[in-house]
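>>> Model the following, please.
(chains A and B)
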Amino acid sequence: MNNLIKGENHDWEMVIGLEIHAQVKSNSKLFSSSSTKFGSSPNSQVSLVDAAMPGMLPVINKYCVEQAVKTGVGLNAKINNYSVFDRKNYFYADLPQGYQISQYKYPIVGEGKVTIDFKDGTSKDIRIVRLHLEQDAGKSLHDQNPSKTYVDLNRSGVALMEIVSEPDIRTPDEAGMYISKIRSILMYLNTCDGNMQEGSLRADVNISVRKPGEEYGTRCEIKNLNSIKFIKQAINYEAKRQIEILESGGSIEQNTMLFNTSTGKTRPMRNKEEAHDYRYFPDPDLLPLEISEEEIGKIKSSIPELPDQLKNRFIETYKLSNYDASVLTAEKQTSDYFNETINSDSELKNHAKIVVNWITSELFSLLNKNNLDLNNSPVSPENLGQLIKLISTNEISGKIAKDVLEDMFSSGKTARQIVDEKGLQQVTDQDEIAKVIDEVIAENPKMVEQYLAGKDKLLGFFVGQAMKLTKGKANPKMLNDILKSKLK
Amino acid sequence: MKIDKNTINKIARLSRIKLDDKESEDYIKDLNSILDWVEHLNEVNTENVEPLSNISSSILPKREDVSNDANSSEEILENAPDKLEGFFAVPKVVE
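Okay, here's the model as predicted:
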């Protein structure tokens, strides 16, 4: 695989690291009892702690700590028995405290790794530096009024997990796969809802370029990207920008960038002259967070089967390829659907590959077309299983099955009902097929002549004609075989 | 460590505090005397002593994950100098 970008004098390689911010799935905030519900009316979920009223003290949410530990285990990471909350100081209108409670020197989770799988069957590990707990900030609306910014503090104080990767990523696609994998792990663990549109999962991207094999270049950080598409776009644009500067003899200035989603361009944030000085120090309102091995063990034992384990089980049990199995397990709803389908009939276990194809290509494309997802699929796993069984037992052809699936999708009927009602059973009677072929041959003497004279392509024409006469029901293999033997 | 004019200006700017020349001079003196006093601690040998993060031996108290469903907006906005439809309204912060 070629990961390099062609340059004027030599190729360039991107070096990318991600900081992912994942909102913890919990009822209440990290240090207060306000609700975390999304989309409520502005400032309706703000306690005196979240608004930083004088004298208010933070009390940590036990469940958020467990969620972070769970996520750490899911990232194959070291859980730290001792971690410390620090204050990260900066001024901004949506940060009432004037500091964010975060973790700096002693994060709750240390080094880990996740694996991404490529289409060609290979895979790659991306190392995780750390995961720490911190508070989310409020939300600012800048575009409502020319002279005002409006602030909603509902999000202020919601628990975030910041997951920092090593700069192990080399292409925009890898960045997309990495964040998809993290999202999938979080969703299997139920520690984050993974909703990127609502901002529950967002990322900062660090990127630099270099001549392959040389030292890392100076990097820029693109802030706050909330879709995989934007992440890829921003990386592509920023890499090109940096290469252009370097090739025209300039140098890269380390900078924080914003990505404009409508123009697809990055630009530096203002006031760069004031380099950030966060003056981290331990928060005197909070004691160190200590977690015993016993507590960690208890959390570990509560962890469900994760995508990679499930993937390996699918490969072993159903002899699926690494890639097929990783597509199936990328989203929990997909693996659940596959499980239910394949378990709906004991026969189907021998046709796992067909089941995968029908879910990931036929059903997915119908769902896409209708703007639905698997959770509200009009075709249940049992009904899809029934359809696939009709194919595997040769009762209907794959081609007809596609029409049947569309019918099931819109009418809600079962495959059996539709096949019986419309009489779609495959014709597998030798004599019947032969009869139809004779008819086609008799009606097209000229074509037969041309075919016999060497125009092989015409075979398709005869197949088509015969299929038309049988309304697509003839068994394709038998049709082909008989046709060839008759046209000798 | 010595506090000079540059340092005091930087600290003031980070804290969003405006200092005139006289105030800067006073703070330079104050902070330096505090730092000098703290420097005495360097005389103590702390080799092989773990840093102490708190003097009480208590452990971090934790809450259960229960949310109160109180609607806070009226109370929270009560002292806001400027508001609109439930939002705080502040001078434009552009980015």
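>>> centroid residue for chain B?
Centroid check for chain B by C-alpha atoms, centre = their mean gives B:Ser15 as the closest residue, at 8.2 Å.
>>> Could you check how many residues crowd around A:Tyr278?
Per other C-beta atoms under 10 Å in any protein chain shown, the neighbour tally for A:Tyr278 reads 15. Placement of C-beta: from N, CA and C, glycine included.
>>> A:Gly264 against A:Lys229, yeah?
No - using C-beta atoms under 8 Å, A:Gly264 is not in contact with A:Lys229, being 10.3 Å away.
>>> In chain B, which strand is the longest?
strand B:87-91 (DSSP state E).
>>> Low-confidence stretches in chain A?
A:1-2, A:270-275 (pLDDT under 70).
>>> need the residues of chain B near chain A, please.
By C-beta under 8 Å from any C-beta of the partner chain, the residues of chain B that approach chain A are B:10, B:13-14, B:16, B:53-54, B:56, B:58-69, B:71-73, B:76-77, B:82, B:84-95.
>>> which SS class is A:Lys240?
helix (DSSP: H, G, I helix; E, B strand; the rest coil).
>>> Taking the chain centroid, which residue in chain B is the extreme one?
In chain B, the residue most distant from the centre (C-alpha atoms, centre = their mean) is B:Glu85, at 31.2 Å.
>>> And it, what's its pLDDT?
You'll see B:Glu85 listed with a pLDDT of 93.
>>> burial measure for the nearest residue to it once chain neighbours are set aside, as a count.
Here the nearest residue to B:Glu85 in space, its sequence neighbours aside, is A:Pro42; by C-beta to C-beta, 6 or more residues apart in numbering or on different chains that works out to 7.3 Å. A count of neighbours around A:Pro42, defined by other C-beta under 10 Å, yields 23.
>>> repeat for the one 5 residues further on
Residues lying near A:Ser47 (other C-beta under 10 Å) number 24.
>>> which helices and strands does the longest helix along chain B pack with?
Of all the segments of type helix in chain B, defined by DSSP state H, the longest one is helix B:21-39. Identification of packing neighbours for helix B:21-39 by 3 or more C-beta pairs under 8 Å, 6 or more residues apart in numbering or on different chains; DSSP states H and E yields helix B:5-14.
>>> How far away from the center of its chain is the helix it packs on?
15 Å (C-alpha atoms, centre = their mean, to the nearest Å).
>>> Which strand runs longest in chain A?
Per DSSP E, chain A has its longest strand at strand A:123-135.
>>> check contacts around residue 10.
Since no chain was named, I'll use chain A. A:Lys211 (C-beta atoms under 8 Å, 6 or more residues apart in numbering or on different chains).
>>> should've been chain B
Going by C-beta under 8 Å, 6+ apart, B:Lys10 touches A:Asp277.
>>> Would you point out the helix or strand in chain B whose mean pLDDT is lowest?
Between all helices and strands in chain B, the lowest mean by mean pLDDT, DSSP states H and E belongs to helix B:5-14, at a mean of 91.
>>> in it, what's buried?
By 16 or more other C-beta atoms under 10 Å in any protein chain shown, the buried positions in helix B:5-14 come out as B:Ile8, B:Ile11, B:Leu14.
>>> ok, then the element right after the longest strand of chain A?
Going down the chain from strand A:123-135, the next helix or strand is strand A:139-141, by DSSP states H and E.
>>> and A:Pro107, how many neighbours?
For A:Pro107, the neighbour count with other C-beta under 10 Å is 22.
>>> how near is it to chain B?
15 Å (C-beta to the nearest C-beta, to the nearest Å).
>>> Now that residue: phi and psi?
phi -80, psi 160 (degrees, to the nearest 10).
>>> What are the neighbouring residues in contact with it?
Counted by C-beta under 8 Å, 6+ apart, A:Pro107 has contacts A:Asn80, A:Ser83, A:Arg130, A:Leu131, A:His132, A:Leu133.
>>> Also A:Asn195?
So A:Asn195 contacts A:Phe38, A:Leu201 (C-beta under 8 Å, 6+ apart).
>>> Could you rerun that using 7 Å?
A:Asn195 makes contacts with A:Leu201, as judged by C-beta atoms under 7 Å, 6 or more residues apart in numbering or on different chains.
>>> How is it assigned, secondary-structure-wise?
Classified using three-state DSSP, A:Asn195 is coil.
>>> Near A:Thr414, how many other residues are there?
A:Thr414 has 17 neighbouring residues, counting by other C-beta under 10 Å.
>>> how close does it get to B:Leu35?
As for A:Thr414, its distance to B:Leu35 is 81 Å (criterion: C-beta to C-beta, to the nearest Å).
>>> Next: A:Tyr92.
30 Å.
>>> Please name the nearest non-neighbouring residue to A:Thr334.
A:Leu328 (5.6 Å).
>>> Show the buried residues in the residues of chain B next to chain A.
Buried among the residues of chain B next to chain A (16+ other C-beta under 10 Å): B:14, B:63, B:65, B:67, B:72-73, B:76-77, B:86-90.
>>> Between those residues, which sits nearest A:Met177?
B:Asp65 (32.3 Å; C-beta to C-beta).
>>> Quick check: that closest one touching A:Val65?
No - contact criterion C-beta atoms under 7 Å: B:Asp65 and A:Val65 do not qualify, at 10.0 Å.
>>> Could you pull out the residues contacting both of the two?
In contact with both B:Asp65 and A:Val65: no residue, using C-beta under 7 Å, 6+ apart.
>>> Tell me the secondary structure at A:Val205.
strand.
>>> residues in contact with it?
A:Ile16, A:Leu18, A:Ala175, A:Ile222, A:Leu225, A:Ile231, A:Ala234, A:Ile235.
>>> Can you pull the phi/psi pair for the fifth one?
Backbone dihedrals for A:Leu225, given as degrees, to the nearest 10, come out at phi -100, psi 130.
>>> now the angle from the least confident helix or strand of chain B to helix B:21-39?
100 degrees (axes from the mean of the first three to the mean of the last three C-alpha atoms, to 10 degrees).
>>> For chain B, what's its nearest residue on the stretch 351-488 of chain A.
A:Asn375 (25.2 Å; C-beta to the nearest C-beta).
>>> In this structure that residue contacts A:Gln333, no?
Yes - counting by C-beta under 7 Å, A:Asn375 does reach A:Gln333; the two are 5.6 Å apart.
>>> Give me the more crowded residue out of those two.
A:Gln333 (13 against 9).
>>> Which SSE is immediately downstream of the helix or strand hosting that one?
Assessed by DSSP H and E, A:Gln333 sits inside helix A:332-342. Moving toward the C-terminus from helix A:332-342, the first helix or strand encountered (DSSP H and E) is helix A:352-357.
>>> residue contacts, A:Val114?
Here A:Val114 is in contact with A:Leu75, A:Ile126, A:Ile128, A:Lys181, A:Ile182, A:Ile185 (C-beta under 7 Å, 6+ apart).
>>> Report the secondary structure state of the fourth one.
With three-state DSSP as the basis, the three-state label of A:Lys181 is helix.
>>> residues near it, how many?
20.
>>> pLDDT wise, what is the residue nearest to the centre of chain B at?
For B:Ser15, pLDDT reads 88.
>>> The one 3 residues further on now?
B:Lys18 carries a pLDDT score of 94 in this model.
>>> Which secondary structure state does it sit in?
coil.
>>> Against chain A, how distant is it?
On the measure of C-beta to the nearest C-beta, B:Lys18 and chain A end up 14 Å apart.
>>> and that residue, how many residues sit next to it?
8.
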